[in-house]
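Chemist: Below: sequence and its predicted model.
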Amino acid sequence: MNVLITGGSRGIGAACVRAFVQRGDRVAFFYRQNHAAAEALASETDTLAICADVSDPEVVCRSVEEALSALGSIDVLVSNAGISQIKLLGDVSDEDWRSMIDTNLSGAFYVTRAVTKNMVANHRGSIVFIGSMWGKTGASCEAHYSASKAGLRGLTMALAKELGPSNITVNCIEPGVIDTEMNAELDGDTRRALCDATPLCRIGRAEEVASAVCFLASDTASFITGQILGVDGGFAV
Ligand code: NDP
């Protein structure tokens, strides 16, 4: 299969790149600015790295075209690119709000809109959004992040209905606390508290999210659509 992954240069996205390549799939991935990490991963995995800010709809259209001409088609989209920020509501500026929504929610919309033209024409495809358990439960001091991720739930269910007749499945994975650079600034006490709140008593690994993504994008999951799957060690139960 031909796979496009956004935010593939690091963390969960990079684990997805490796997991799909291991399955024998051809992969292109988007990243925003970390050229060194992206180029290193692309040469390690023999994949195509495209510098594309998902919050810019024109860049997204151009970059999806670039991925399509390299791959020929896109069978799987993993919409993973995202940012996070911890701030009290009163400290969240207009720019903070816009940047969060533009990246996490509008970015997912722009990429999906561009990719589905090809999927609809081929009458086949799988889309996996990477949400967050905070989109289900809400996180204090992360109102803008939680709102952006809750929006992905609506997108998942609406698109599952709209794209189902075109043989395209649309699902969303909501990770719990995963050991990536996104959580690098959490102090020891906070990490311990998060482990304590997780029934499996630990932080998750990016590879554990990637294996769930591969499952939802595989033929094994061909009758699963419109679903939200927590990969969170039981945190949001
Ligand atoms: P990282 O911060 O480790 O990596 C983020 C990735 O997204 C990088 O590849 C980055 O590119 C890319 N990215 C960020 N903004 C843009 C943009 N505007 N356009 C294109 N690419 C962009 O994050 P994680 O791997 O931890 O998170 C991946 C996803 O999983 C996110 O959507 C996040 O919200 C979600 N998630 C993560 C959790 C966690 O605990 N880690 C928990 C729940 C959800 P570059 O390298 O160029 O900066």
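Modeler: On my side now, so go ahead. Residues are numbered from 1 along each chain as shown.
Chemist: remind me, longest strand of the protein?
Modeler: strand 168-175 (DSSP state E).
Chemist: From the chain's centroid, how far away is that one?
Modeler: 9 Å (C-alpha atoms, centre = their mean, to the nearest Å).
Chemist: And for stretch 55-68?
Modeler: 16 Å.
Chemist: can you check stretch 159-178 too?
Modeler: Counting by C-alpha atoms, centre = their mean, stretch 159-178 comes out at 11 Å from the chain centroid.
Chemist: which stretches of this protein form helices?
Modeler: 11-22, 35-45, 57-71, 94-101, 107-122, 134-137, 143-163, 188-196, 206-216 (DSSP state H).
Chemist: so which of the ones you listed is the most packed in?
Modeler: Across these, averaging neighbours per residue (mean count of other C-beta atoms under 10 Å) puts helix 11-22 on top, at a mean of 23. In short, each C-beta sits where N, CA and C put it, glycine included.
Chemist: Near residue 46, how many other residues are there?
Modeler: Residue 46 is flanked by 9 other residues according to other C-beta atoms under 10 Å.
Chemist: Touching, it and residue 22? I think so.
Modeler: No - counting by C-beta atoms under 8 Å, residue 46 sits too far from residue 22 to count as a contact (11.8 Å).
Chemist: With adjacent residues omitted, what lies nearest to residue 66?
Modeler: Nearest non-adjacent residue to residue 66, counting by C-beta to C-beta, 6 or more residues apart in numbering: residue 50, 5.7 Å away.
Chemist: just residue 118 next, same as before
Modeler: residue 74 (5.4 Å).
Chemist: and the one you found, how many residues sit next to it?
Modeler: 23.
Chemist: contacting residues for it?
Modeler: 2-4, 64, 67-68, 115, 118-119, 125 (C-beta atoms under 8 Å, 6 or more residues apart in numbering).
Chemist: Switch those over to CSV; also include pLDDT and distance to residue 170.
Modeler: CSV is the format used below for these (pLDDT from 0 to 100; distance: C-beta to C-beta, whole Å):
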residue, pLDDT, distance to residue 170
2, 98, 18
3, 98, 15
4, 98, 15
64, 98, 17
67, 98, 19
68, 98, 19
115, 98, 11
118, 96, 15
119, 98, 10
125, 98, 9
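Chemist: Give me the pLDDT value at the nearest residue to residue 63 once chain neighbours are set aside.
Modeler: Of all residues not flanking residue 63 in the chain, residue 52 sits nearest, at 3.6 Å (C-beta to C-beta, 6+ apart). Looking at residue 52, its pLDDT stands at 98.
Chemist: Would you quantify the distance from residue 52 to residue 6?
Modeler: 8 Å (C-beta to C-beta, to the nearest Å).
Chemist: Now do the shared contacts for those two.
Modeler: residue 30.
Chemist: higher neighbour count, those two?
Modeler: Using other C-beta under 10 Å, the more surrounded residue of residue 52 and residue 6 is residue 6, with 29 against 25.
Chemist: got the contact list for residue 139?
Modeler: 145-146.
Chemist: how far away is it from residue 150?
Modeler: Taking C-beta to C-beta, one finds residue 139 at 11 Å from residue 150.
Chemist: Likewise for residue 109?
Modeler: Counting by C-beta to C-beta - residue 109 and residue 150 are separated by 14 Å.
Chemist: now swap in residue 43 and tell me
Modeler: From residue 43 to residue 150 the distance is 37 Å (C-beta to C-beta).
Chemist: With residue 63 instead?
Modeler: Distance from residue 63 to residue 150, by C-beta to C-beta: 26 Å.
Chemist: Stretch 46-58 and the ligand, are they touching?
Modeler: Yes - using C-beta under 6 Å from any ligand atom, we find that stretch 46-58 touches the ligand at 53-55.
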